[in-house]
Each structure stands twice: as C-alpha cells, then as structure tokens.
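Undergrad: Pasted the sequence and its predicted model underneath.
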Amino acid sequence: MQRTVPQSTLATHRGSKSHHVGLLQASVVEKDGLFWPAASDKTQSDENRDNHQDEDDKLMGQVLDSVLKVYATHSEPDYLIPWQKRHQTTSTSSGFVIDVPGLGLRVMTNAHSVEYGSVVQVQRRGEDEKHEAVIEAVGNECDLALLRVDSLFPPPKNVNGENDDEDDTTIALQLGPLPSLQDEVEVLGYPSGGESLCVTKGVVSRIETQEYAQAGARLLAMQIDAAINPGNSGGPVVNEYMQVVGVAFQGLDEAENCGYVVPVSVVRHFLEDVRRNNGYTGFCQLGTSIIFLENEAFRKYLKLDNQESVNGTNGSRLRKRRSGVMVRAIEPASGAFGKLRPNDVIMAVDGITLGSDGKVPFRRGERVDLLCYISSLFEGDTLEITILRDGEEMVVSVPLSRIPSLVPSHYNNKSPPYLICSGLVFTSLSVPYLEAKGAWEEYYSDSVLAHKANLGYEHLMDLHLIEFNGIEVRCLSHLKQLIDESDDPFMTFQFAPKETGRLVVLDRVQTGIATKDVCIEHRIGTPYLFYDKS
C-alpha cells in the first residue's frame, strides 16, 4: 500500500538547511489551526463559518449562547436561632434567557439555585466577565426563579420600548409544546465535572405527578433518562427544534441516568402567574382530603357500585361504571368549605371523569392526579364538580384559591419570624425548623399484607387506630372482641385524627376468609398473640 507523506514531513529529509525550513513550516501549520486556532485567521474563519455553516448549526450556536452559568452565594438563616445567619455557602448552576411578557429579557433558573442568595451573578458562554443579577421572582413550589441582569439586558430607553444599544447576540429561547413519551430531548447546562457548557441527550421516560424537593409540593413533572447532576439545575431541556420543553431541577440518587424536569406547562403557569400578579403567588388547591375508592366493599358502602344508564347507539341502553373519590374533610380556608361535605363522592371536575384512584385522563394512554388539573388553573377560576351525595348526583361550583400551609415549607427567602419576651423566644413551626431539629428519621415498615379483600389499602402504614364501627378501641384484645361480636355487613376502622384521618371499610363476611388466606400464604401460625392487657 502506497503511503502519502505530507510535504512538511518530506522537507525534513533534504539536508540540514531544508530540515530547519521544514520545522519552521510545521510550526506555522500548528498555529494555523492544526493544533491551536490561530488568532490571525479569526476574521476569515468567522466569514467562512457564516457563509458555509448550516442554518441548524447557527441556531444551535445561538441557543448555546443563551444558556448562562449562575454563581450564587447563599446566606441561609439559622432556624434554631432565627436572628442569626449560618455560614455562607456558594454554588453554581445553570440558567437561560427568556422573554417574559411585560418584563422583557430575563434569566430563568431554579429557585433552589438562588435560595437566600446574597450575591448572584451570571456568566455567558466563552466569556470571563460575570454580571450581577437581581432575583425578581421566586416560585418555591415549582422550583423556578427569574433573574434581572441589567448589564446584559438593560431596560428600554426609547419610546418604542427598544434599547438602542441592546446586545443582539443573545436570543431568547422559545417555549415549545409538552413532549410525548420517547421524544428525544437535550439537557443544556453547566454540571459538575467541568467548567464549560455540557450537552446531554436523552428521551422522555414518563410524565406524571412528582414531589418537588424544594418545597414538597406535588406537581406535574417529566422524567428523562439523562442524568441531571449538580450544576445542571436551572438549565433548559430542549427538543429537536431548540424549543424549551422543560427546566432541569432534580435527580434521583438511587438510580443512574434518571433526571426530573419541570415541564413546559408548569413553566408557562409560573410565567403567567408573574404576569398577572406582578410576582409569583402560587398554585391553586381544592383544599380537601380524599379517600380512594378502589375497594369494592367501600364502593358498595357509598352506593357507588350502582351503574348509571346511558343512551347507546340505535336507542340501546348501556351501563356505565361510576367512579370517584370520597371527600374526608375540607379545609376551612378552602373555597370548597360549605359547598362540599364529608362523605361526598367527587365523580368529575369540569366534565372530566375522575377515577377511583384519584386520577384523570391526561393524554392518550396517560393519567395524572386530580391535583395536576387543579394546579393548572388560577386563583379566581371556578371548578364545576360533579358529586354523589346520599345517593343523588349533583353539580356544585367551587371557587379556587391558594391555601397557605399552617406549617410552611419555606419563607420565600425571608428570615423566619420570631418574638423574644423576657428571654423566651417564640417562633413559627415550619418544615425548615423541624429539619433543623432533626425531627425525621428514615424507617420503613409493612403494615398491610396484600389481599384482594383489602385492595386499595395495601400502602397504608404507621396509622393510629382509634375506633372500630364507631366504638373507641382500648387495646388489641378489645379490638378482637369487637370484631368477633360484630354483626354489621361492613367493618369500619377509623384512624387518627378523627376528623381528617383515614377511614377503612371491609366486608365482614370476606374478612374471615381473607385472614385465613393471608396466614397460609405468609406461613403465619396464628392470627393473634396477646399478653396481659395487650
């Protein structure tokens, strides 16, 4: 096989003089871009790139230029000594430029990225200068925040609302549609492990309700099979058209290549909330505690097992299975207070059928929790709820509002309240305070052995039983006595607290059979074991 040798290499074999010339030529080639980009050819390279680069590559470059690195210094309060601050900490995360109606160009990032941020700065790709940022809006429930960077995006100066010296090299990323399962996406950001911008590809694995770690709120979330590492937080997740379909916000320690994204629908709600109220106010809640009605005995107890007749084709009569969830309690601050009652069965909201598992149809083949639909509405909206009350179906109108928590999960970047009186320090009970006190310990216990008779109750654990069939339970032996002497068709177990606690209903006839089946399956010799006064 004939081997082609570069001319610069051949020159090194033609005597000492040519040898030196060859070395000189090789060094020039190195500076001309073979091993290092040459500064002298920068203008020519830019011209060639502009003339020959594909439009998609140009768009990708503009998108990458709109992804910024966020630097923050955090000064979090000491919740046990609320008048003091903890030692400052620093972090880096990601953000991206977005055009907010009524506000202009802003940088969107995660709320936890700038939480209690005393100094916040942003840095553009390929630059060494950092720009001071001002926290303009924070939504802890959805873990989103907006930053104003006047040095990059100064407020308008002329009458047309435009800035004569506005930087036109940075574009605002556009929001796209909510992706479908298996759609390919890219995560853009500055994760740990390096300093430069990182691009990670993945696909959408699922879209469902998840708990957001920042404030413990349950909202719609998108899971992707691309890892979201520290530093990725706040970075945009884009589709093939370079449209933002979500914002990276948390990962899963127990799994590899698993990340969670704030979906674009939640991002739009956050921006609309900021536009309407000149700041973030939060997500609406129905303000009820509910009980799923997956257990057949419970459904019969509420007369929900009856099927309603509907008109079919050719005048035929069809039978449709009714479903829903039972209202256990209503918060006094809720708009549903006085309109819904305990033991009402919510069957539909705004004409959307509610399943006995508390879920509503989302898209083809997908179902999400009812709270996802309610959180998509705004304060002042009215919810038309179809309920079953005492066997009769009716529709009630419930105004929606945001319900403040009695035990807040955050103070919106403000210091916790306190009062000192004669040396006594009083402060509000909050989740950060409980965390600082070490109030939670991790433990697991299985308290239900699954059987078809207890379907729907298999996930219950660590509950305090207070009544059986309306009678206060004193001890285990007393409970067994009450069960043995019961002649009601249904057995009810009321757990604490009495007004809002979980209620379990079982069929008395099936209970004896189910107890024997469970003991046999799990090799349990006796269904009870008592000691004195147990």
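TA: That came through, no problem.

Undergrad: in what helix or strand does residue 518 lie?
TA: Per DSSP states H and E: residue 518 is located in helix 508-521.

Undergrad: residues making contact with that helix?
TA: 297, 449, 451-454, 483, 486-491, 524-527 (CB atoms under 8 Å, 6 or more residues apart in numbering). Where you see a C-beta, it was placed from the backbone N, CA and C, and this is true even at glycine.

Undergrad: For this protein, name the helix or strand with the lowest mean pLDDT.
TA: One helix or strand of the chain scores below all others by mean pLDDT, DSSP states H and E: helix 7-11, with a mean of 39.

Undergrad: Just the buried positions in the longest strand belonging to the chain, please.
TA: Across the chain, the longest stretch assigned as strand under DSSP state E is strand 198-211. Using 16 or more other CB atoms under 10 Å as the test for burial, strand 198-211 gives 198, 200, 202, 204, 205, 207, 209, 210.

Undergrad: Could you do stretch 90-97 as well?
TA: Neighbour counts over stretch 90-97 (16+ other CB under 10 Å) mark 91, 92, 93, 94, 95, 96, 97 as buried.

Undergrad: The contacts of helix 508-521 in helices, which ones?
TA: 297, 483 (DSSP state H).

Undergrad: related to what we said a few turns ago, how far off centre is the helix holding residue 518?
TA: 40 Å (CA atoms, centre = their mean, to the nearest Å).

Undergrad: any chance you could map the strands in the stretch 1-150 of the chain?
TA: Ranges of strands in the stretch 1-150 of the chain, per DSSP state E, counting those that start in this stretch, are 67-74, 89-100, 104-109, 117-123, 130-132, 134-139, 144-148.

Undergrad: Packing partners of the last one?
TA: The reference is to strand 144-148. Packing contacts for strand 144-148, counted by 3 or more CB pairs under 8 Å, 6 or more residues apart in numbering; DSSP states H and E, involve strand 104-109, strand 134-139, helix 264-277.

Undergrad: Which of those sits closest to residue 172?
TA: Minimum separation from residue 172 across the helices and strands packed on strand 144-148 (CB to CB) falls at strand 104-109, 5.8 Å.

Undergrad: and the angle for the closest one with strand 144-148?
TA: 140 degrees (axes from the mean of the first three to the mean of the last three CA atoms, to 10 degrees).

Undergrad: Tell me how many other residues crowd residue 378.
TA: 17 (other CB atoms under 10 Å).

Undergrad: meant to ask about residue 300, not that
TA: 15.

Undergrad: Look at it and give its secondary structure.
TA: Classification of residue 300 using DSSP: H, G, I helix; E, B strand; the rest coil returns helix.

Undergrad: That one and residue 380: what is the separation?
TA: 39 Å (CB to CB, to the nearest Å).

Undergrad: same thing with residue 125?
TA: Distance of residue 125 to residue 380, given as CB to CB: 41 Å.

Undergrad: which one of those two has more residues nearby?
TA: Using other CB under 10 Å, the more surrounded residue of residue 125 and residue 380 is residue 125, with 16 against 11.

Undergrad: isn't that one right up against residue 63?
TA: No: using CB atoms under 8 Å as the test, residue 125 is too far from residue 63 to be in contact (10.3 Å).

Undergrad: got the contact list for stretch 205-223?
TA: Contacts of stretch 205-223 (CB under 8 Å, 6+ apart): 110-112, 115, 140-143, 178-179, 181, 204, 224-225, 237, 245-246, 249-250, 258-263, 265-266, 283, 362, 366, 368-369, 371-372, 375, 409-410, 431.

Undergrad: Show me how to select, in ChimeraX, the buried members of these.
TA: The buried residues among the contacts of stretch 205-223 can be selected in ChimeraX (16+ other CB under 10 Å) with this line:
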select :110,111,112,115,140,141,142,143,178,179,204,224,225,237,245,246,249,250,258,259,260,261,262,263,265,266,283,362,368,369,371,372,375,409,410,431
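
Undergrad: Spatially nearest residue to residue 458, not counting backbone neighbours?
TA: Among residues not flanking residue 458 along the chain, residue 450 sits closest, at 4.4 Å (CB to CB, 6 or more residues apart in numbering).

Undergrad: same deal with residue 496?
TA: Using CB to CB, 6+ apart and skipping the chain neighbours, the partner closest in space to residue 496 is residue 464 (4.0 Å).

Undergrad: burial count for the one you found?
TA: By the criterion of other CB under 10 Å, residue 464 has 10 neighbours.

Undergrad: Please apply the same query to residue 367.
TA: 14.

Undergrad: one step back: in the buried residues of strand 198-211, find the pair that's most separated.
TA: Once CB to CB is applied, those give 198 and 209 as the farthest pair, at 28.8 Å.

Undergrad: hey, where'd the helices end up in the protein?
TA: 7-11, 15-29, 42-52, 55-65, 264-277, 296-301, 370-375, 431-436, 476-485, 508-521.
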